[in-house]
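> one predicted model, sequence on top.
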Amino acid sequence: MKTFIVGIGGVTNGGKTTLANNLLKMLPNCSLISQDNYFKPEAEVATDERGFKQFDVLDALEMEAMMSDVHSWITQHKGTEQPKTPQETCETSVHFLIIEGFLLYHYKHLDDVFDQRYFLTVPYEECKKRRSTRVYDPPDPPGYFDGHVWPMYLKHREEMDTLQREIVFLDGTKTEEQILCYVYSDIRRVAS
Ligand SMILES: Nc1ncnc2c1ncn2[C@@H]1O[C@H](COP(=O)(O)OP(=O)(O)OP(=O)(O)O)[C@@H](O)[C@H]1O
Ligand SMILES: NC(=O)c1ccc[n+]([C@@H]2O[C@H](CO)[C@@H](O)[C@H]2O)c1
C-alpha cells in the first residue's frame, strides 16, 4: 500500500485540530497523530523566572514517543503494495497519515517523513481571542499569551523561514469549509 504523510502545522488556535479531524472524515484509510498528546507532565516542564511554564517549546514534548508512533505507523503500512486494478483511484490505493501540531517543522527527525506540509496562520488579535476561550490543563495564567505563547510562536515562525522545505501556508481566518475544501483537493492532487 502506498503511504502519504501530511503535516498540519500552524499557530496555536489556527484550526489545526479542526482541519485534521475534517480530513480524517473525508480521506479513506486515514490515521491521525496529534502532537498535543505528547506533552510531558507539567512537573517535567521548565518554568521561567516569571513563573511561566515553558509549554511552547520542543523540550515540553515527548518527541521520541511521538516519533516512535509515527515509525510504527510507517512500518505497519509500508511494503504491502498490491497490484492496482484500473478502476482503483487514489482513494483505495493510498494510506494517509495526518500529523498535526504546533511544532512539527523544527524537529529534524520528522523532516524526511512528510510528503506534504501545511501551516495555518491567524493574526495576533484573532489568535489571542480564540485562545482566550480555550482552557488548557493547566489553564493559561494571566499574561501567558503575550509573555510566552506569542513570542515563542514568532521565534519559531522566524526559524521556519530558514528551513529548506516547501510549506503551503493557509489563511486560518477562512471558513472551516473553505480550508478543508482547498486542502482536501490539494492532497488528492499531490497524492495521486
Ligand atoms: N476556520 C475557522 N474559523 C473560525 N474558527 C475556527 C476555525 N477553525 C477552528 N476554529 C476555532 O478556533 C479554535 C481553535 O481551533 P483548533 O482547536 O482546531 O485549533 P488548534 O490549532 O488545533 O489549537 P491548539 O493550539 O490547541 O493546538 C476552536 O474554538 C475552533 O472552533
Ligand atoms: N496539552 C497540554 O498538556 C498543554 C498544557 C498547557 C498548554 N498547552 C498549550 O497547547 C498549545 C499547543 O496546542 C501550546 O500553545 C501550549 O501552550 C497544552
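Arrived safely. Ligands and ions are numbered 1, 2, ... in the order given.
> how far away from the center of its chain is stretch 125-145?
What separates the centre of stretch 125-145 from the centre of its chain is 19 Å, taken as Cα atoms, centre = their mean, to the nearest Å.
> and it, how far apart are its ends?
Across its full length, stretch 125-145 reaches 11 Å end to end, with Cα to Cα, to the nearest Å as the criterion.
> how about stretch 48-56?
End-to-end for stretch 48-56, by Cα to Cα: 12 Å.
> repeat that for stretch 45-58.
10 Å.
> which strands or helices does the host helix or strand of Trp73 pack on?
With secondary structure defined by DSSP states H and E, Trp73 is part of helix 63-77. Packing partners of helix 63-77 (3 or more Cβ pairs under 8 Å, 6 or more residues apart in numbering; DSSP states H and E): strand 2-10, strand 30-34, strand 94-100. Every residue, glycine included, has its C-beta placed from N, CA and C.
> what mean pLDDT does that helix get?
Looking at helix 63-77 alone, the average pLDDT works out to 97.
> for stretch 29-48, same thing?
This predicted structure assigns stretch 29-48 an average pLDDT of 97.
> and the helix or strand harbouring Gln178, anywhere near ligand 1?
For Gln178, the host element (DSSP H and E) is helix 176-191. Yes. Residues of helix 176-191 contacting ligand 1 under Cβ under 6 Å from any ligand atom: 176, 179.
> count the residues that sit near Glu62.
When counting by other Cβ atoms under 10 Å, one arrives at 15 neighbours for Glu62.
> tell me who's in contact with it.
Shown in contact with Glu62 (Cβ atoms under 8 Å, 6 or more residues apart in numbering): 38-40.
> repeat that for 10 Å
With contacts taken as Cβ atoms under 10 Å, 6 or more residues apart in numbering, Glu62 has the following neighbours: 35, 37-41, 44, 68.
> of those, which belong to helices?
Of those, the ones assigned to helices by DSSP state H are Ser68.
> hmm, back to that, now the helices and strands packed on helix 63-77 as a markdown table including mean neighbour count?
Listed next are these as a markdown table, based on neighbours: other Cβ atoms under 10 Å:
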| stretch | mean neighbour count |
| --- | --- |
| strand 2-10 | 23 |
| strand 30-34 | 17 |
| strand 94-100 | 23 |
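> in JSON lines: those strands, plus distance to ligand 1.
Written out in JSON lines, the entries for the helices and strands packed on helix 63-77 read as follows (distance: least, Cβ to the nearest ligand atom, whole Å):
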{"stretch": "strand 2-10", "distance to ligand 1": "6"}
{"stretch": "strand 30-34", "distance to ligand 1": "8"}
{"stretch": "strand 94-100", "distance to ligand 1": "7"}
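> contact residues of this structure facing ligand 1?
So far as Cβ under 6 Å from any ligand atom goes, the chain lies against ligand 1 at 10, 12-18, 36, 102, 130, 172, 175-176, 179.
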